[in-house]
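Novice: Quick one: sequence plus predicted model below, questions after.
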Amino acid sequence: MAIALTPVREGELWAGATWTVEDEDVLAGLIARVAIGQARVAERILNEDGLIDVGYPMGGHEGARKLLEVGPTGDPAHRDGWMFQVISWIAAHRSGRPGVIRSPHMRHADKGLDGLMVEFDDTEIARVVISEEKATGNARTMVRDRVWPEFRDFETGRRDAELNDGVSTLLADGGYPNPDAVVAAILWTEKRAYRVAVTIDDTHASEKGLKALYKGYETAVSGEIGRRRAETFQVQDLRPWFESIAVKATAIINAEEAAINV
């Protein structure tokens, strides 16, 4: 298993999970799959809770390596942010909620929603979950100054066009019948939920630290606790850790390319 989830909750304010990497090699393999354009294969691996016999494609290796490289500025933030979105996508699959989850973007610093999920209750849409996912060395500032304003924008309806398009596309890709009609009929204030996922260090690793980190969530997003999800991934040495996983994922891609060309 790549990632394990431990539930956390703060009264009626928010609920979610902390993430723990159980096998870095498995995690690197999944990231390599996504980087090379095989998110659907990675999803099958996650859903079957084990590796399956699916080969890598004949091409796409160079583009995959680019995703795992630091850009020309030398700042790893965009590369690490993309990798964290993949990790968050994996964690979303591990949560076990029935529904469809949008695959990670295939480029660094893509504009728009970080993540999007549509969850089902029997055959009905239970929730549309808007996800903000940030790999940062200053979690509280990021949550307070970037994430809460993003959520407020969605709550006021300013970004409904973007959300409607994202949900209808996700449903169509998932084979859901007549997605545009479904989206038009959704009462967004009742169906909309939010998920914030950030990297943390020891500062916010305790119950008190998490409470301070997510202070103000209920103000940005009102209503019952199910609308406010909070996820954390503790990384003490943020940039070196992401670099180590990128090196492992790149090695996997290189090995697969070499095997194909034998």
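Specialist: Everything's here; your move.
Novice: use CA for all of it now, contacts and neighbours both
Specialist: Fine.
Novice: What strand or helix carries Leu171?
Specialist: In the assignment (DSSP states H and E), Leu171 maps to helix 160-173.
Novice: Likewise for Gly223?
Specialist: Judged by DSSP H and E, Gly223 forms part of no helix or strand.
Novice: Pull the helix or strand that the helix holding Leu171 is followed by out as PDB, backbone CA atoms only.
Specialist: Following helix 160-173 in sequence order, the next helix or strand is helix 179-185 (DSSP H and E). Provided in PDB are the C-alpha atoms of helix 179-185 (Å, rounded to 0.1, in the frame of the first residue of the first chain):
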ATOM      1  CA  PRO A 179     -24.200  14.800 -17.400                       C
ATOM      2  CA  ASP A 180     -25.200  18.400 -18.400                       C
ATOM      3  CA  ALA A 181     -28.800  17.800 -17.300                       C
ATOM      4  CA  VAL A 182     -27.600  16.300 -14.000                       C
ATOM      5  CA  VAL A 183     -25.300  19.400 -13.400                       C
ATOM      6  CA  ALA A 184     -28.100  21.800 -14.200                       C
ATOM      7  CA  ALA A 185     -30.400  20.100 -11.700                       C
END
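Novice: all helices for the chain, in order.
Specialist: 24-35, 39-48, 61-67, 77-94, 139-142, 148-156, 160-173, 179-185, 188-191, 207-213, 217-220, 238-260 (DSSP state H).
Novice: which secondary structure elements does the third one contact?
Specialist: Just to be clear, that refers to helix 61-67. Contacts defined by 3 or more C-alpha pairs under 8 Å, 6 or more residues apart in numbering; DSSP states H and E place helix 61-67 against helix 24-35, helix 238-260.
Novice: got it, and the first one?
Specialist: For helix 24-35, the contact count by 3+ C-alpha pairs under 8 Å, 6+ apart identifies helix 39-48, helix 61-67, helix 77-94, helix 238-260 as packing neighbours.
Novice: how about stretch 226-241: buried residues?
Specialist: 226-235, 238-239 (16 or more other C-alpha atoms under 10 Å).
Novice: can you check stretch 133-142 too?
Specialist: Neighbour counts over stretch 133-142 (16+ other C-alpha under 10 Å) mark 133-137, 139-140, 142 as buried.
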